[in-house]
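Kindly return the folded structure for what I paste below:
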Amino acid sequence: MMKLVILDRDGVINYDSDDYIKTADEWQPLPGSLEAIARLTKAGFDVCVATNQSGLARGYFDISELHAMHHKMVQLVEEQGGRIEKIEFCPHLPEDNCYCRKPQPGLYQHILSCYPDIDPGKVFSVGDSLRDLEAAVAAGCPPILVKTGKGERTLAKGGLPGNTVIVDDLDAAAAHIIYHQHRGD
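You can find the predicted model right below:
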């Protein structure tokens, strides 16, 4: 049976910056994140990434630089024995009010449409911001908040969706997801 997990990028897989991650050199994995994706892959999950990238619309980087960042991420994950099946990104500004920018569920729904046999209620989604969690819930996916990236700030603000699981990092999220998948939750 096909299994799927959806991850945010900045603050979950790699270090985040309030000044944006603008180059492949600035894209640096968080400790244990690449190994966590490899564990999910080895446990039979398709791993997809859903990420807001308004830095494109702001002119901080261009599409070729974004592709270079994603190529680096995919390559580093593969070196650990993992795989990222799909990367969906929103290039728009918040004021564009598009359907793909989190907290809207468009990125998640597009990924889920590629997996029509999977119940969204069994697709864990991992993020570090409230908008990640809100997009997951709007798409019907159980949300997991990591304390990395903006996670501690998000936790301090409160107002999380009621079914949010809170973990330290992507490694802990992977352990939670694999455990619940084996239990059949």
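
Going by C-alpha atoms from here, please, whenever you check contacts or count neighbours.
OK.

Need the contact partners of the helix or strand of the chain with the lowest mean pLDDT.
Least confident element among the helices and strands of the chain, by mean pLDDT, DSSP states H and E: helix 170-183 (a mean of 91). Residues outside helix 170-183 that contact it (CA atoms under 8 Å, 6 or more residues apart in numbering) are 12-13, 32-33, 35-37, 39-40, 43, 124, 126, 144, 146, 167.

mind listing what's buried in it?
Using 16 or more other CA atoms under 10 Å as the test for burial, helix 170-183 gives 170, 171, 172, 173, 174, 177, 178, 181.

low-confidence ranges in the chain?
The model of the chain has pLDDT under 70 over residues 183-185.

Tell me where it has strands.
For the chain, the strands defined by DSSP state E cover 3-7, 45-52, 86-90, 124-127, 143-146, 165-167.

can you pick the most crowded of the contacts of helix 170-183?
Neighbour tally across the contacts of helix 170-183 (other CA atoms under 10 Å): the maximum, 33 neighbours, falls on residue 126.

mind checking how far that one is from residue 49?
When distance is defined by CA to CA, to the nearest Å, residue 126 is 9 Å away from residue 49.
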